[in-house]
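>>> any chance you can model this:
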Amino acid sequence: MPLVAVTYVYPDRPAELDAARPAHRAFLTDLHDAGTLVASGPWLPSPGQRPGALLLLAVEGPEAAEALLEADPFARAGLVEDRTVRAWSPVIGDLAAHA
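Numbers count the residues shown, from 1 in each chain. Next up is the predicted model:
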């Protein structure tokens, strides 16, 4: 199945993010257990960069990823300020089998 790379940018609302994080991670764990989420995690802090995350999804395409992620508790709470979704084709490494 193709991979889709999704980036999230979070607003500067750490208390709200912290409150919603357990539900967000439970949602992502369910996707992983179902074989849909390949990997995810937050960006490490970097000067001048907004907090956010990267998600790799094994879905049919960007539209499927968009629809799936509408149910993310972070998205439902308005805690995803920006989201980019792109099909990705790994050619080298462990994930190349998804291409």
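>>> confirm that Thr7 sits in a strand.
Yes - under DSSP: H, G, I helix; E, B strand; the rest coil, Thr7 sits within a strand.
>>> what sits against it?
52-55, 82-84 (CB atoms under 8 Å, 6 or more residues apart in numbering). C-beta coordinates here come from the backbone N, C-alpha and C atoms, glycine included.
>>> of those, closest to Val38?
Of all the contacts of Thr7, Val38 sits closest to Leu55, with 8.5 Å by CB to CB.
>>> any idea how many residues pack against the nearest residue to Ala5 once chain neighbours are set aside?
Spatial nearest neighbour of Ala5, excluding adjacent residues (CB to CB, 6 or more residues apart in numbering): Trp88 at 4.3 Å. Per other CB atoms under 10 Å, the neighbour tally for Trp88 reads 15.
>>> go ahead and confirm Trp88 touches Leu54.
No - in this structure Trp88 lies outside contact range of Leu54 using CB atoms under 8 Å: 10.5 Å.
>>> which residues do these two both contact?
By CB under 8 Å, 6+ apart, Trp88 and Leu54 have these common neighbours: Ala5.
>>> hang on, the earlier thing: list the beta-bridge partners for the residue nearest to Ala5.
Listed by DSSP bridges, the beta-bridge partners for Trp88 are Leu3.
>>> tell me how far it lies from Ala65.
11 Å (CB to CB, to the nearest Å).
>>> residue ranges with poor pLDDT in the chain?
Applying pLDDT under 70 to the chain flags residues 99.
>>> so where do the helices sit in it?
14-33, 62-69, 73-76 (DSSP state H).
>>> as CSV, those with mean neighbour count and distance to Ser40 would be great.
Formatted as CSV, these follow (neighbours: other CB atoms under 10 Å; distance: least, CB to CB, whole Å):
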stretch, mean neighbour count, distance to Ser40
helix 14-33, 14, 5
helix 62-69, 17, 11
helix 73-76, 17, 11
